[in-house]
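S.K.: Show me the folded form of this:
(chains A and B)
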Amino acid sequence: MELLFEGIKKAFYLLFTLDSEVMGITLLSLNVSGIATFISLFIGVSIGTVVALSKFPGRKIVVSLINTGMGLPPVVVGLFVTIFLWRSGPFGFLGLLYTPTAMIIAQSVIATPIVMGITLAAMQQLPKKLRLQILALGATRLQMVWTLIKEARLPLLAAIMAGFGGVISEIGASIMVGGNIKGYSRVLTTATVMETGKGNFDIAIALSIILLALAYLINLILTYVQQRERPR
Amino acid sequence: MKKISSMLAIFVALFVVLSIPFPAFAQQKNIILATTTSTQDTGLLDVLIPIFEKKTGYFVKTIAVGSGQAMAMGQKGEADILLVHSPEAEQKFVAEGYGVNRRLVMHNDFIVVGPPADPAKVRGMKSAVEVFKKIASSNSLFISRGDNSGTHVKEKAIWKAANIKYEGEKWYQQTGLGMGQTLNVASEKRAYTLADRGTYLALKKRLDLDILAEGDAILLNIYHVIEVNPAKFPKVNAAGAKAFADFMVSRETQEIIRTFGVDKYGSPLFFPDAGKRVENLGK
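M.R.: Next comes the predicted model:
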């Protein structure tokens, strides 16, 4: 119990003294996971929408694959991204292993199916007749899709939250492809594990608290945006 | 209007996240250092690497894994330089042509640590082999690294010397984690484990573990640097690797190693050995 108190004290100390290492780690976490979420948003929403709105043979298989992907284990992603990025691997010439870019790639792979799956579910929730109605009003196909996306924006915000929450708290892939390099690819989760291993439990608790606060803050902003829409 | 402002809010939020700049780093002068957890967990590399980077302009990517995994990275040419402590495996690594220019850097020693109550009654025993025999015969819990690290290899060698079957035994558990975490596990479970002295001293204040056996010649823990063979792996940063190895055995660095940890732990964590012969260590 005393340890927890010490950790909370340390967290406030590190935050208010703007400890440069902790700030760097926090900003990198935000940066990597933010960009990864952004990328996954583009890919996830577009593919999710296409699958939701079209009919083709084997659609159920595709949908079940996407839904399985929502639970993609980060360590599995980490392993495969590592193998691809090895110097001896197919993308070795890029020299990306143990860089923040590699972490963004891995986290995008993790977040994309999450965003895709929620988008898919959200688009299918919309009343079927809505599409016909929009088209009947003289909209082009593209306008129709855009209107549907806007109509589903509340669950889509939930998709951003789920995707971001998934990657900022993820460790398996980040430590494998990033390497937890001091001042370069060390993020909140990997730093927490390392400090725990070093026996610096107070710093580990402080980092966890910062991570929780950060996740809460981001979700607070998104929830605020989402819930403003409610009363009509 | 509401819709537009909410959309705007999202974009502002995303923009803020995306506009935080990455710290700038020189990409061309990277060195990948594959090393053991003990050099990171003790904080030694946190002291040495900034000095090296400042001096040479290289950027060192330290990947702290066990010695076994570090050498596996070297065997694929995924690392440029190794700082490891698993001498027999290292000799094999060099003999098979994966590494060149293996040089002695420093040593400390392994210690057998365990709960202060010492259920196996091994405190003060001199022979590590006898200690292991007693732990086994009293069925006291032993926590192993289980990750093919230098410490794990040493532990297996001692079991072998004691002629004890340990795999699958109830009293024998493997963590698969680094030294620091394994010590935490042993402390929580009131178990025995083999640790390098450096990591133990660095973590001592949080651990409920005493040094129960030390000083046996078999417990010597020796660290070497090995440059990954650039003739075998053309992508290796050979110049950077050589610069780092030279730095590790330089007089200035050896002096830092000699005094590292004295102020904090009362005794040095490592003993510098550059230029010495392995046979003369610990005498």
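S.K.: So for the closest residue to chain B within chain A, what's the pLDDT?
M.R.: Using Cβ to the nearest Cβ, residue A:34 is the residue of chain A that sits closest to chain B, at 3.2 Å. In short, each C-beta sits where N, CA and C put it, glycine included. Predicted confidence (pLDDT) for residue A:34: 94.
S.K.: and it, how far is that from residue A:216?
M.R.: 16 Å (Cβ to Cβ, to the nearest Å).
S.K.: Does the residue of chain A closest to chain B lie in a helix or a strand, and which?
M.R.: For residue A:34, the enclosing helix or strand under DSSP states H and E is helix A:20-53.
S.K.: After that helix, which helix or strand is next?
M.R.: Counting by DSSP H and E, what follows helix A:20-53 is helix A:59-69.
S.K.: That following helix to helix A:20-53, inter-axis angle?
M.R.: 170 degrees (axes from the mean of the first three to the mean of the last three Cα atoms, to 10 degrees).
S.K.: Distance from helix A:59-69 to the middle of the chain?
M.R.: Counting by Cα atoms, centre = their mean, to the nearest Å, helix A:59-69 is centred 19 Å from the centre of its parent chain.
S.K.: Who are the packing partners of the helix or strand just after it?
M.R.: Using DSSP H and E, the next helix or strand after helix A:59-69 towards the C-terminus is helix A:74-85. Helices and strands touching helix A:74-85, by 3 or more Cβ pairs under 8 Å, 6 or more residues apart in numbering or on different chains; DSSP states H and E, are helix A:100-125, helix A:172-178.
S.K.: of residue A:34 and residue A:216, who's got more company?
M.R.: The neighbour count for residue A:34 versus residue A:216, taken as other Cβ atoms under 10 Å in any protein chain shown, is higher for residue A:34 (25 against 11).
S.K.: okay, now the residue in the stretch 51-200 of chain B positioned nearest to chain A: neighbour count?
M.R.: Closest residue of the stretch 51-200 of chain B to chain A, Cβ to the nearest Cβ: residue B:180 (3.7 Å). If you count neighbours by other Cβ under 10 Å, residue B:180 ends up with 27.
S.K.: Any residues of chain A in contact with chain B? List them.
M.R.: Applying Cβ under 8 Å from any Cβ of the partner chain, one finds that chain A approaches chain B through A:24, A:27-28, A:30-31, A:34-35, A:38, A:86-88, A:92, A:95, A:97-98, A:100, A:150, A:153, A:157, A:179-185, A:194, A:196-199, A:201, A:218, A:221-222, A:225, A:228-229.
S.K.: Residue A:204: neighbour count?
M.R.: Residues near residue A:204, counting by other Cβ under 10 Å, number 21.
S.K.: tell me the contacts of it?
M.R.: A:7, A:192, A:195, A:196 (Cβ atoms under 8 Å, 6 or more residues apart in numbering or on different chains).
S.K.: would a markdown table of those residues with neighbour count, distance to residue B:169 and pLDDT be doable?
M.R.: Output for the contacts of residue A:204, formatted as a markdown table (neighbours: other Cβ atoms under 10 Å in any protein chain shown; distance: Cβ to Cβ, whole Å; pLDDT from 0 to 100):
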| residue | neighbour count | distance to residue B:169 | pLDDT |
| --- | --- | --- | --- |
| A:7 | 20 | 37 | 80 |
| A:192 | 20 | 33 | 93 |
| A:195 | 19 | 33 | 87 |
| A:196 | 18 | 28 | 84 |
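S.K.: any idea which of these is closest to residue B:88?
M.R.: residue A:196 (31.1 Å; Cβ to Cβ).
S.K.: Please verify my assumption that that closest one contacts residue B:183.
M.R.: No: here residue A:196 lies out of contact with residue B:183, judged by Cβ atoms under 8 Å, at a distance of 11.5 Å.
S.K.: mind showing which ranges of the chain have poor pLDDT?
M.R.: All of this refers to chain A. A:229-232 (pLDDT under 70).
S.K.: not what I meant, chain B
M.R.: Where chain B drops to pLDDT under 70, the residues are B:1-28, B:282-283.
S.K.: hey, where'd the strands end up in it?
M.R.: Counting by DSSP state E, residue ranges of the strands within chain B are B:30-35, B:59-64, B:81-84, B:99-114, B:142-144, B:172-174, B:192-196, B:210-213, B:220-228, B:271-272.
S.K.: want to throw the ones you listed into CSV with mean neighbour count?
M.R.: Converted to CSV, these look like this (neighbours: other Cβ atoms under 10 Å in any protein chain shown):
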stretch, mean neighbour count
strand B:30-35, 24
strand B:59-64, 22
strand B:81-84, 28
strand B:99-114, 22
strand B:142-144, 24
strand B:172-174, 17
strand B:192-196, 28
strand B:210-213, 20
strand B:220-228, 24
strand B:271-272, 18
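S.K.: Reformat the ones you listed as CSV; add distance to residue B:279.
M.R.: Shown next, in CSV, are these (distance: least, Cβ to Cβ, whole Å):
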stretch, distance to residue B:279
strand B:30-35, 25
strand B:59-64, 29
strand B:81-84, 19
strand B:99-114, 11
strand B:142-144, 29
strand B:172-174, 32
strand B:192-196, 21
strand B:210-213, 23
strand B:220-228, 11
strand B:271-272, 15
